[in-house]
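# Please work out how this folds:
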Amino acid sequence: MRIGVIGVGFGSRVQIPGFQSESLEVVAVCTRRREGAERSAQEHGIPGVYTDYRQMRQHPGLDAVSIATPPASHHEIALAALNAGKHVLCEKAFAMNQAEARAMWQKAEQTGLTAMVAHEFRFAPARAYVKELLQQGYVRDIRSVHINLFMGPTRMPSGPRPMTWAARLLRAVGSSRPWGRIT
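Next up, the predicted model:
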């Protein structure tokens, strides 16, 4: 399996090392800024460097793409990859609304390609333990959950955290829930 990773923030820190640890060949990286793509490619020994995902999907022998960009771009990139005959692994939130999610699913069904949402921490020991406790009934009648993920001192910001994609979307649409009902 030869993979191209689109988005080199989380893609470079988590996905590329994960793919490589499982002996999958990462053959290309893509991000808007060439220097970021070149840095990631050099760090991980990846031959292909792109600043446009439409060009990357033509990389020789590319089988699949991993989409680790901000969620607003997932729908467009996933459909383009599926149309180019590439399997898709898409970070969460994988779509901005139910219509985008349905279109992505339908395109995967039409093409017969694999398209899936990345849940790379799903089987992390701490999360598996919480699931086990819930299944055992340790906690009943859950009404709200708040989780803090601590990544250690190297990840601590030196100033205020920049606005996330979700916060920017909420500000733009003036809504507390722009993606609609999730089913």
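# ok, which stretches of the protein are helices?
Remark: helices assigned in the chain by DSSP state H are 10, 16-21, 34-44, 53-56, 74-83, 98-111, 125-135, 165-173.
# tell me, which of those is the model least confident about?
The weakest mean pLDDT among those belongs to helix 165-173, with a mean of 63.
# Need the winner for burial among the helices of the chain.
Among the helices of the chain, helix 74-83 has the highest mean neighbour count (mean count of other Cβ atoms under 10 Å), at a mean of 21. In this view, the C-beta of every residue, glycine as well, is placed from N, C-alpha and C.
# for it, packing partners?
In terms of contacts (3 or more Cβ pairs under 8 Å, 6 or more residues apart in numbering; DSSP states H and E), helix 74-83 is packed against helix 53-56, strand 64-67, strand 87-90, helix 98-111.
# Spatially nearest residue to Ala84, not counting backbone neighbours?
Spatially, and ignoring its direct neighbours in sequence, Ala84 is nearest to Arg57 (4.2 Å; Cβ to Cβ, 6 or more residues apart in numbering).
# Next one: the one you found relative to Ala93, how far apart?
Counting by Cβ to Cβ, to the nearest Å, the gap from Arg57 to Ala93 is 22 Å.
# more neighbours, these two?
Arg57 (22 against 17; other Cβ atoms under 10 Å).
# list the contacts for the more buried one?
Contacts for Arg57 (Cβ atoms under 8 Å, 6 or more residues apart in numbering) come out as Gly4, Val65, Ala80, Ala81, Ala84, Lys86.
# and the second one, bridged to which residues?
Residues in a beta bridge with Val65, per DSSP bridges, are Gly4, Val88.
# wait, what's in contact with it?
Val65 touches 3-6, 53, 56-57, 77, 81, 86-89, counting by Cβ under 8 Å, 6+ apart.
# With the fourth one instead?
Residues counted as contacts of Ala81 (Cβ under 8 Å, 6+ apart) are Tyr53, Arg57, Val65, Ile67, His87, Val88.
# tell me which of those is nearest to His146?
Ile67 (27.7 Å; Cβ to Cβ).
# Run a quick neighbour tally on the closest one.
Neighbour number of Ile67 under other Cβ under 10 Å is 27.
# I'd like to know how far the residue nearest to it when sequence neighbours are not counted sits from Ile147.
Nearest residue to Ile67 in three dimensions, chain neighbours excluded: Cys90, at 4.5 Å (Cβ to Cβ, 6+ apart). Taking Cβ to Cβ as the measure, Cys90 and Ile147 are separated by 22 Å.
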